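A.B. asks: Return a 3D structure for these sequence lines:
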Amino acid sequence: MSQAEIKVYYAPFCPYCGWAKQLLESKNVAFTQINVNDDPEYRQEMEQLSGRTSVPQIFIGDTHVGGYDDMAALDDKGQLDPLIAAG
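C.D. replies: Next up is the predicted model:
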């Protein structure tokens, strides 16, 4: 089964970041983790792509999902799995 590319911009010790990763792991999907504290360029990239400064920022394919709450809301509506499968 193919899946969309998933990127999670995160910071260590961020509980919402951990919850976002747990939700994706529970779906057994591959995702790339980008630690915005590793390099200021990662944070700048995240802010340019998302228009937001908070973490996590989650991208599924070409779609900016938003943060953990946004992704959890999509999951609750049954819209997350089709978005992931659209890859």
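A.B. asks: going forward, measure contacts between C-alpha atoms and count neighbours the same way
C.D. replies: Noted.
A.B. asks: Leaving out sequence neighbours, find the closest residue to the residue nearest to the spatial centre of the chain.
C.D. replies: When Cα atoms, centre = their mean is applied to the chain, the residue found nearest the centroid is residue 58 (2.2 Å). Excluding its sequence neighbours, the residue lying closest to residue 58 (Cα to Cα, 6 or more residues apart in numbering) is residue 8, at 4.6 Å.
A.B. asks: A strand includes that neighbour, no?
C.D. replies: Yes - the assignment for residue 8 is a strand, going by DSSP: H, G, I helix; E, B strand; the rest coil.
A.B. asks: Across the sheet, point out what pairs with it.
C.D. replies: Beta-bridge partners for residue 8, by DSSP bridges, are residue 33, residue 58.
A.B. asks: residues touching it, list them.
C.D. replies: Listed by Cα atoms under 8 Å, 6 or more residues apart in numbering, the contact set of residue 8 reads 21, 31, 32, 33, 34, 56, 57, 58, 59.
A.B. asks: got any ranges where the chain has weak pLDDT?
C.D. replies: Filtered on pLDDT under 70, the chain yields the residue ranges 1, 87.
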